[in-house]
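Student: Any chance you can model this:
(4 chains)
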There are 2 protein chains.
Amino acid sequence: MKKGQDTRDLLQTHARRLFWSKGYSNVSVREVAKAAGVDVALIARYFGSKLGLFEATLDTLKKIDPDDFLTADSLVDAFVEMFANAPKEGTEASPISMILLNANDSEVGIIVARIQYEYWQSGLEKIIGSKSQAALFFAAMMGFSVGQKILHLDGIAELGSDEYRAQFRHMLTTAIASPDF
Amino acid sequence: MKKGQDTRDLLQTHARRLFWSKGYSNVSVREVAKAAGVDVALIARYFGSKLGLFEATLDTLKKIDPDDFLTADSLVDAFVEMFANAPKEGTEASPISMILLNANDSEVGIIVARIQYEYWQSGLEKIIGSKSQAALFFAAMMGFSVGQKILHLDGIAELGSDEYRAQFRHMLTTAIASPDF
DNA sequence: GATTGATGTCAATGAGTGTTGACTTATCGC
DNA sequence: GCGATAAGTCAACACTCATTGACATCAATC
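Tutor: Prediction:
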């Protein structure tokens, strides 16, 4: 018989993939269990509840090192690449678009958003200098993310092109820059 | 006995308020019927289905005149005021944040997003000049909206202050401006 | 080999969902 | 007043969902 930890890992892996691509409320525990090849009841055993299983998939969100983005240039670079090299549809969502994917779920959405924003907040404020401007920047990133990943807006979908990449870089740079007053 | 049109209007009014504040999937037909004080079955009678009722609440989305925003200045003004004077929590969502509120619902989210984007698209492109930049601008607006209305991010929540309003105006203005290349 | 505890199976529960059809009641035209 | 049509009521259906508890099965320990 398998070790319990294996089953746990199996559930967590498939839960992450499913939750992060379809959103919390669009995935049932039966679906996760079936994908993992185990019985539904084991979710309750190992994670207590569906929400417990979901929260277990959020661990990796906290493992990115914020010191990777210490200057404004590298921050812009990082974001440009994040969107330009975005994986195609059906794959896992980026951590940021995860927020939007669950925005309508008061319980889950706030959990994800808080984790994400608290993570980015200090770094963004350090670089941008203004708390409110950092919040605007973060919000704009969410918008780009949902525009690209969920709504597939014309234009944003093809962020890979050089011309568009330059435009995107320009927008981010000016957004980070200090106002002229 | 009431006229049928009255019941129809009553259902539509309460449906709009509920759908636009909690999102489509977070509102049940029974909840709408109870708020309107009528029987659930009447939703099927007058609107065919829950989705039909929802689509009926989208009519007002199409009634805003895009010619109100013909210059870049008035566009920025309109957006600044839209966010600065945003109604408090619990009230109806703005049309834009409606998109995010339903982003995780593949059926409903796309309906709302398409209506909204197709409405703004031509006007934005006319003002901004670039199709992709217009898409980015629209996406950023969605992000601001969800940051303010749904996630209540520190900073964005208080967009009414003069200092913040100035920062917001600056960000929008530079975002609309042409790149220096 | 028996006992114990971890692990996995199965069926059922109870709450919620949108939708349907038969029925009753009111309103209007004649 | 009568009949046709509109309007509203009620109960049920068929489904999905997360969760639970009783039961079975395995692995390790004594």
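
Student: list the buried ones in stretch A:126-141?
Tutor: Neighbour counts over stretch A:126-141 (16 or more other CB atoms under 10 Å in any protein chain shown) mark A:127-128, A:130, A:132-141 as buried. For every residue, glycine as well, the C-beta is placed using N, CA and C.

Student: Report the backbone C-alpha coordinates of the longest helix along chain A in CSV.
Tutor: Longest helix in chain A, counting residues (DSSP state H): helix A:106-128. Extracted in CSV, the C-alpha atoms of helix A:106-128 (Å, rounded to 0.1, in the frame of the first residue of the first chain):
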residue,chain,number,x,y,z
SER,A,106,-15.0,36.3,-1.2
GLU,A,107,-13.4,33.6,0.9
VAL,A,108,-10.8,32.4,-1.5
GLY,A,109,-10.1,35.6,-3.5
ILE,A,110,-9.1,37.6,-0.4
ILE,A,111,-6.7,34.8,0.8
VAL,A,112,-4.9,34.8,-2.5
ALA,A,113,-4.8,38.5,-3.0
ARG,A,114,-3.5,39.2,0.5
ILE,A,115,-0.7,36.7,0.2
GLN,A,116,0.2,38.2,-3.2
TYR,A,117,0.0,41.8,-2.4
GLU,A,118,1.7,41.5,1.0
TYR,A,119,4.5,39.8,-0.9
TRP,A,120,4.9,42.4,-3.6
GLN,A,121,4.1,45.4,-1.5
SER,A,122,7.3,46.1,0.3
GLY,A,123,9.5,45.5,-2.7
LEU,A,124,7.3,47.7,-5.0
GLU,A,125,7.2,50.5,-2.4
LYS,A,126,10.9,50.4,-2.1
ILE,A,127,11.5,50.8,-5.8
ILE,A,128,8.7,53.1,-6.7
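
Student: so what does it touch, helix or strand wise?
Tutor: Packed against helix A:106-128 by the contact rule (3 or more CB pairs under 8 Å, 6 or more residues apart in numbering or on different chains; DSSP states H and E) you find helix A:50-56, helix A:72-84, helix A:95-101, helix A:131-149.

Student: center of chain A, which residue is that?
Tutor: By CA atoms, centre = their mean, chain A has its centre lying nearest to A:Pro95, at 1.2 Å.

Student: quick one: that one and A:Tyr117 touch, right?
Tutor: No - using CB atoms under 8 Å, A:Pro95 is not in contact with A:Tyr117; the gap is 10.9 Å.

Student: got a pLDDT number for whatever residue of chain A ends up closest to chain B?
Tutor: Nearest residue of chain A to chain B, counting by CB to the nearest CB: A:Gly143, 2.6 Å away. Looking at A:Gly143, its pLDDT stands at 82.
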